[in-house]
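Asks: missing the sequence, but the structure's below:
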């Protein structure tokens, strides 16, 4: 609220400003207008939000009563700070614009010194012309496409180098098993494999159950109830089990590898390994990819049996097929080639899950947000590559009549 | 008492404070006061609980017992509300800049969150603060593009952006070269003298302590608390073995 005013101002404007200031419960200056001098006297520090309102108020007053001078008095005991300084600078600009002279009286020596320092920094900043740099022009569509193509090419080149490094280290480990970090490998198998068993089991059971249910409706119409076992056994062994396992492993293991190695990268642990002459591929990558490679077929087998259990449950409950008949039928229909296709897929998927996670982790830059970005990219890339590999093996199986 | 005979109020008053993590007690029965417009330095050997005490003061660790009074509010009772938070700045040891924000946006964050100032005002204030710490040219950069010293200065600009009357600094000189560390000390002295800011600085760097400290609070692991407190001169004149060893930079384990 305004404390005193010798010359009343436009009531409407005053009401608006006062209400706005009152709303924020602010300490406002004493405002006086005597003989053409509009004076703002501060004894306290107004709240930050009031400064823009005061500027608005000043402009209104200059326009309505055209004073010859604006006087700002920063009284003793006023808590002078950056926003206060900025307020005075804004007043300066308004006075210049309306050709009104400005008198600024800072009563306290400490505040005067501070204003001088802030002024110095302000000019320094203006001279150097700092501030936001507009983002560089992206260029035309063709240029952007070219850039994107070159970036993709360079990423593939890096990925290729990573795979070559891995294969070289893997072969070296095969011929010299002593260099394998067995404890780390066992830990990875435990984390990526055995700890994933509950979720893989539940998911596969439910998928087997749902598949059998969907089939049951149709098969019952033709009295071909027993064929639910054929459908479940073939579907699970060739396609569903490897795929469910791989999708779950991409969610659990790929993301874990990417985040783990990414954080190690941020903490300069990878740099420390390099300067200690420790081969990062042997130390970190081999145990992880190999762990994923071994876990994937094992989890796929587990997924196959739990899926079959789900289908068997539905067959028993809704199609009156006994478990013995179901198993006999499933055993009869499954050939070596069906198991082989599923096994081959699981091997491919295991390699993808492990290598994509490790590669994305290694490629993390030295910032925390990069870990999140790389982890997301790792899961997306792994899922994409899993589908590609799935299609590839399916086509291969078709060509070779597996 | 100030030079004009006026009583200087306490900005921080800690009474019988005990702090710990889980079952472990790190500090017990801590009591001290920090006067307005002074630089209080919390010092001590590594692992004595300096940073733990700072975390308790800024409300990151709830105290087990005791009271903390900051800027006239008993925060152990009222909690750290937004009014208290906006009146205290914190410079973290690792600067604590948000990696996904530019330096400009990091410094602007407290203004955007705690005030209704228009964006043009915020931009001017941020650039002014960045100019004060000599980082105006790096406003558009990401924290990952800055050196350790620059990160620390950006962290200081962010801590000061609301012009808080109270500033906490955790090991401000750690990892900095002597010139940058000395510049930071100069900045602290300017903040105290010109803005009347009260600073609580955690450090074990002797040179820095001698340059800036108005009041020292020395902690030690053996007693899990304060072993000595007083002005720099009082501390240096003390006969306690640990205090002497610290200020003379000698080992306390003599054969």
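Replies: That came through, no problem. Since the model is a prediction, treat every value here as computed from it, not as a measurement.

Asks: my read is residue B:117 is in a helix, agree?
Replies: No: per DSSP: H, G, I helix; E, B strand; the rest coil, residue B:117 lies outside any helix segment and is coil.

Asks: could I get the pLDDT score of it?
Replies: For residue B:117, the pLDDT comes out at 86.

Asks: against chain A, how distant is it?
Replies: 6 Å (CB to the nearest CB, to the nearest Å). The C-beta positions use only the backbone N, C-alpha and C, and glycine is treated the same way.

Asks: my guess is that residue contacts residue A:47. True?
Replies: No: using CB atoms under 8 Å, residue B:117 is not in contact with residue A:47, being 10.6 Å away.

Asks: out of these two, which sits in the busier spot?
Replies: A direct count of neighbours by other CB atoms under 10 Å in any protein chain shown for residue B:117 and residue A:47 places residue B:117 higher, at 20 against 17.

Asks: quick one: contacts for the more buried one?
Replies: Listed by CB atoms under 8 Å, 6 or more residues apart in numbering or on different chains, the contact partners of residue B:117 are A:48-49, A:51-52, A:83, B:111, B:125.

Asks: just the ones of these in helices?
Replies: Among the contacts of residue B:117, the ones falling in helices (DSSP state H) are A:51-52, A:83, B:111, B:125.

Asks: dump those residues to TSV, plus neighbour count, pLDDT and distance to residue A:385.
Replies: Shown next, in TSV, are these (neighbours: other CB atoms under 10 Å in any protein chain shown; pLDDT from 0 to 100; distance: CB to CB, whole Å):
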residue	neighbour count	pLDDT	distance to residue A:385
A:51	21	81	57
A:52	19	82	55
A:83	25	82	54
B:111	23	88	45
B:125	24	90	49
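
Asks: neighbours around the residue lying closest to residue B:134 once chain neighbours are set aside, how many?
Replies: Spatial nearest neighbour of residue B:134, excluding adjacent residues (CB to CB, 6 or more residues apart in numbering or on different chains): residue B:153 at 6.8 Å. Using other CB under 10 Å, residue B:153 is surrounded by 27 other residues.

Asks: need phi/psi at residue B:153.
Replies: For residue B:153, the backbone dihedrals are phi -70, psi -40 (criterion: degrees, to the nearest 10).

Asks: report pLDDT for it.
Replies: 88.

Asks: remind me which residues of the stretch 51-200 of chain A are low pLDDT?
Replies: Scanning the stretch 51-200 of chain A for pLDDT under 70 picks out A:122-139.

Asks: residues contacting residue B:170?
Replies: Going by CB under 8 Å, 6+ apart, residue B:170 touches B:51, B:54, B:90-93, B:202.

Asks: mind putting these into TSV with distance to chain A?
Replies: Formatted as TSV, the contacts of residue B:170 follow (distance: CB to the nearest CB, whole Å):
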residue	distance to chain A
B:51	19
B:54	23
B:90	18
B:91	17
B:92	14
B:93	15
B:202	23
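
Asks: can you map out the strands along the stretch 101-250 of chain B?
Replies: Using DSSP state E, counting those that start in this stretch, the strands of the stretch 101-250 of chain B run over B:166-170, B:198-202, B:215-220, B:225-230.

Asks: mind putting those into JSON lines with distance to residue A:373 and mean pLDDT?
Replies: Below are the strands of the stretch 101-250 of chain B laid out as JSON lines (distance: least, CB to CB, whole Å; pLDDT from 0 to 100):
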{"stretch": "strand B:166-170", "distance to residue A:373": "29", "mean pLDDT": "92"}
{"stretch": "strand B:198-202", "distance to residue A:373": "34", "mean pLDDT": "94"}
{"stretch": "strand B:215-220", "distance to residue A:373": "41", "mean pLDDT": "93"}
{"stretch": "strand B:225-230", "distance to residue A:373": "45", "mean pLDDT": "91"}
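
Asks: any idea which of those is most buried?
Replies: Counting by mean count of other CB atoms under 10 Å in any protein chain shown, strand B:198-202 has the highest mean neighbour count of the strands of the stretch 101-250 of chain B, with a mean of 26.

Asks: quick one, it and strand B:166-170 angle?
Replies: Angle, strand B:198-202 to strand B:166-170, by axes from the mean of the first three to the mean of the last three CA atoms, to 10 degrees: 10 degrees.

Asks: tell me what angle strand B:198-202 forms with strand B:215-220.
Replies: Using the same axes, to 10 degrees: strand B:198-202 against strand B:215-220 is 30 degrees.

Asks: so which elements touch strand B:198-202?
Replies: Packing partners of strand B:198-202 (3 or more CB pairs under 8 Å, 6 or more residues apart in numbering or on different chains; DSSP states H and E): strand B:10-21, strand B:24-35, strand B:39-44, helix B:50-57, strand B:166-170, helix B:178-195, helix B:206-212.

Asks: so where is the stretch 201-350 of chain A shaky, pLDDT-wise?
Replies: For the stretch 201-350 of chain A (pLDDT under 70), the answer is none.

Asks: for it, which residue gets nearest to chain B?
Replies: residue A:266 (9.6 Å; CB to the nearest CB).

Asks: how much space between that residue and residue A:362?
Replies: For residue A:266, the distance to residue A:362 (CB to CB, to the nearest Å) stands at 12 Å.

Asks: ok, back up a step: between the contacts of residue B:117, which is closest to residue A:340?
Replies: Using CB to CB, residue B:111 is the member of the contacts of residue B:117 that lies nearest residue A:340, at 65.1 Å.

Asks: if I pick that closest one, what's in contact with it?
Replies: For residue B:111, counting by CB under 8 Å, 6+ apart, the contacting residues are B:117, B:122, B:125-126, B:161-162.

Asks: could you rerun that using 7 Å?
Replies: Going by CB atoms under 7 Å, 6 or more residues apart in numbering or on different chains, residue B:111 touches B:117, B:122, B:125, B:161-162.

Asks: if we can go back for a sec, which of the strands of the stretch 101-250 of chain B sits closest to residue B:28?
Replies: Using CB to CB, the nearest of the strands of the stretch 101-250 of chain B to residue B:28 is strand B:225-230, at 5.6 Å.

Asks: that older thread, how near is the residue nearest to residue B:134 to residue A:63?
Replies: As judged by CB to CB, residue B:153 and residue A:63 stand 43 Å apart.

Asks: same check, this time on residue B:217
Replies: Applying CB to CB, the value for residue B:217 to residue A:63 is 56 Å.

Asks: count the residues that sit near the closest residue to residue B:61 other than its chain neighbours.
Replies: Spatial nearest neighbour of residue B:61, excluding adjacent residues (CB to CB, 6+ apart): residue B:55 at 4.6 Å. Using other CB under 10 Å, residue B:55 has 19 other residues around it.

Asks: next one, pLDDT for residue B:55 please.
Replies: Per the predicted model, pLDDT is 89 at residue B:55.

Asks: hmm, it is touching residue B:62, no?
Replies: No: at 10.1 Å, residue B:55 does not count as touching residue B:62 under the criterion of CB atoms under 7 Å.

Asks: sorry, back to before: and the furthest pair within the contacts of residue B:117?
Replies: A:49 and B:125 (13.4 Å).

Asks: does chain A sit close to stretch B:183-192?
Replies: No: Stretch B:183-192 does not reach chain A (CB under 7 Å from any CB of the partner chain); its nearest approach is 7.8 Å.

Asks: buried stuff in that stretch?
Replies: Residues B:183-185, B:187-188, B:191-192 are the ones in stretch B:183-192 that count as buried (16 or more other CB atoms under 10 Å in any protein chain shown).

Asks: what do you get for stretch B:108-118?
Replies: Neighbour counts over stretch B:108-118 (16+ other CB under 10 Å) mark B:108-111, B:114-115, B:117 as buried.

Asks: for stretch A:316-330, same thing?
Replies: Quick answer for stretch A:316-330 (16+ other CB under 10 Å): A:319, A:321, A:325-326, A:329-330.
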